[in-house]
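1. Here is the input, now give the coordinates:
(chains A, B, C and D)
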2 protein chains.
Amino acid sequence: MELMQGTLDMLILKILASGKRHGYDISKRILLLSNSSLKVGHGSMYPALHRLEKKGFVNSMMGETARGRSAKFYELTKHGREQVEQEKQQWRDFVAVIDVILEEG
Amino acid sequence: MELMQGTLDMLILKILASGKRHGYDISKRILLLSNSSLKVGHGSMYPALHRLEKKGFVNSMMGETARGRSAKFYELTKHGREQVEQEKQQWRDFVAVIDVILEEG
DNA sequence: ATTCCATGTATCAAGCTTCGATATATGGAA
DNA sequence: TTCCATATATCGAAGCTTGATACATGGAAT
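-> Okay, the predicted model is just below:
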């Protein structure tokens, strides 16, 4: 399944809302939660993470993974926490609008 | 509200499912059905229409509008009618997957 | 008369995102 | 020692949206 432009950032923010994670971990979580239908390559994940950091929605810090590897962890900033809610609502609104057209088109 | 990449084609096909229309008309219909929240500029509409025609989902023919203007009308091909159903189902699947992440993220 | 606006179609450059390839590095298992 | 999973990063290609620009017609208002 293809991911839609703009959707990835929202998913990452939402996943980070439950705690800090590193990029590789976020990719695997999306794969898990989507029942393997959403495969996010690193070529999409890392640019997205850098984008979000640049926008001030996440902070990053080096740390150690559960498997003892060194990795870059990301966590939501206050601004990021607000953004999650906002994007969720926008997504719901968008889906509602598309639904109208899909039913009454 | 921003339209998501790939969504426009589906909306156009769905709107054409109820009968032939011209580009300007489709734009206005999307604006109407979305309660003015989805503004599709001609810079998006015409390339989309040409894209769909190239893919064989629509046919075009010149005709006269209700206001007596000359315009290019588009109608679904058989291939296009199948495509509408397929894209609708893909959209529902996609929304369902996103919902899982938005709820269990 | 003339200006403005809605109706119509079309293309272009800019900007952004996604995707796949590529590079690099570590460490455990076979 | 070879392979795979873990982990980050960047690049070019490809695709879509946006806003600008161009062009043409005709009715309405000043």
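
2. Okay, buried residues for the helix of greatest length in chain A please.
-> If each helix of chain A is counted by residues according to DSSP state H, the longest one is helix A:78-104. The neighbour-count criterion (16 or more other C-beta atoms under 10 Å in any protein chain shown) identifies A:80, A:83-84, A:87-88, A:91, A:94, A:97-98, A:101-102 as the buried residues of helix A:78-104. All C-beta spots, glycine's among them, are computed from the backbone N, C-alpha and C.

3. who does that helix touch, helix- and strand-wise?
-> When contacts are defined as 3 or more C-beta pairs under 8 Å, 6 or more residues apart in numbering or on different chains; DSSP states H and E, helix A:78-104 packs onto helix A:7-16, helix B:7-16, helix B:23-33, helix B:78-104.

4. Please identify which of the ones you listed is closest to DNA strand D.
-> Ranking the helices and strands packed on helix A:78-104 by their distance to DNA strand D (criterion: C-beta to the nearest atom of the strand) puts helix B:7-16 first, at 3.4 Å.

5. what does the average pLDDT come to for the closest one?
-> Across helix B:7-16, pLDDT averages out at 97.

6. How about the residues of chain A by DNA strand C?
-> Applying C-beta under 7 Å from any atom of the strand, we find that chain A lies next to DNA strand C at A:2-9, A:39-44, A:47-48, A:51, A:68-69.

7. near chain B, which residues of chain A show up?
-> Taking C-beta under 8 Å from any C-beta of the partner chain as the test, the list of chain A residues beside chain B reads A:1-2, A:4-7, A:10-11, A:14-15, A:17-18, A:30, A:33-35, A:37-38, A:88, A:90-91, A:93-95, A:97-98, A:100-102, A:104-105.
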